[in-house]
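S.K.: Here you go, sequence then predicted model.
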Amino acid sequence: GWDAEIGFKVPYTEKCGEVRVFGGYYSWDSELVGGDDLDGFKARLEIRPMPAVTFDAEYYEDEDVFDTNYYAGVRVRVPFNIGSALAGENPFAGAEDAFKWGAQRTFESRMGEMVIRDTYIHTEQGIERPLPVDECENGYEPPPYDNGYETAR
């Protein structure tokens, strides 16, 4: 399957920090007979009141993706320089700038920004081998087991 997203910075929100809106679509196809295909639209809002703090919320159209339609979270990124620590200097120098309300980030600082990825792995279970033709013709019934999906007969 696949997952795509596009977004933009909302203009005239500098007093609140950076506000970004994203929209996307996801489509994960089942390879099993009778398996569940997951697809739908999604939307995400990201508010960064200061460079080191990000609030985000996301909505998914299909509740089966994560057993809910939405999630919300907060991320805190504290600047740390290992080179300064090895040189005996303060590795957190300049960290106070990252916690200033409404401070705008430079384009250069955004180049190292974390990519938001799906944190879940979607899996399915099913029959590992096709049934032989003679077993299907003679009314073969596969052994019962609960794998969460219907099996083809």
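M.R.: Sure, I can see it.
S.K.: Now residue 103: which helix or strand?
M.R.: For residue 103, there is no host helix or strand (DSSP states H and E).
S.K.: got the contact list for the top strand by length along the chain?
M.R.: As assigned by DSSP state E, the longest strand anywhere in the chain is strand 38-50. Strand 38-50 has contacts (Cβ atoms under 8 Å, 6 or more residues apart in numbering) with 1, 5, 7, 16-28, 54-62, 64-65, 98-103, 105, 116, 122. (Each C-beta comes from the backbone N, C-alpha and C, glycine too.)
S.K.: which of these are buried?
M.R.: Buried members of the contacts of strand 38-50, counted by 16 or more other Cβ atoms under 10 Å: 17-20, 22, 24, 26, 28, 54, 56, 58, 60, 62, 65, 98.
S.K.: Just the ones of these in helices?
M.R.: Counting by DSSP state H, the buried ones among the contacts of strand 38-50 place residue 98 in helices.
S.K.: What about the buried ones among the contacts of strand 38-50, which are in strands?
M.R.: Reading strands off the buried ones among the contacts of strand 38-50 with DSSP E, I get 18-20, 22, 24, 26, 28, 54, 56, 58, 60.
S.K.: In the residues you listed, find the pair that's most separated.
M.R.: Greatest spatial distance among these (Cβ to Cβ): 18 and 28, at 30.5 Å.
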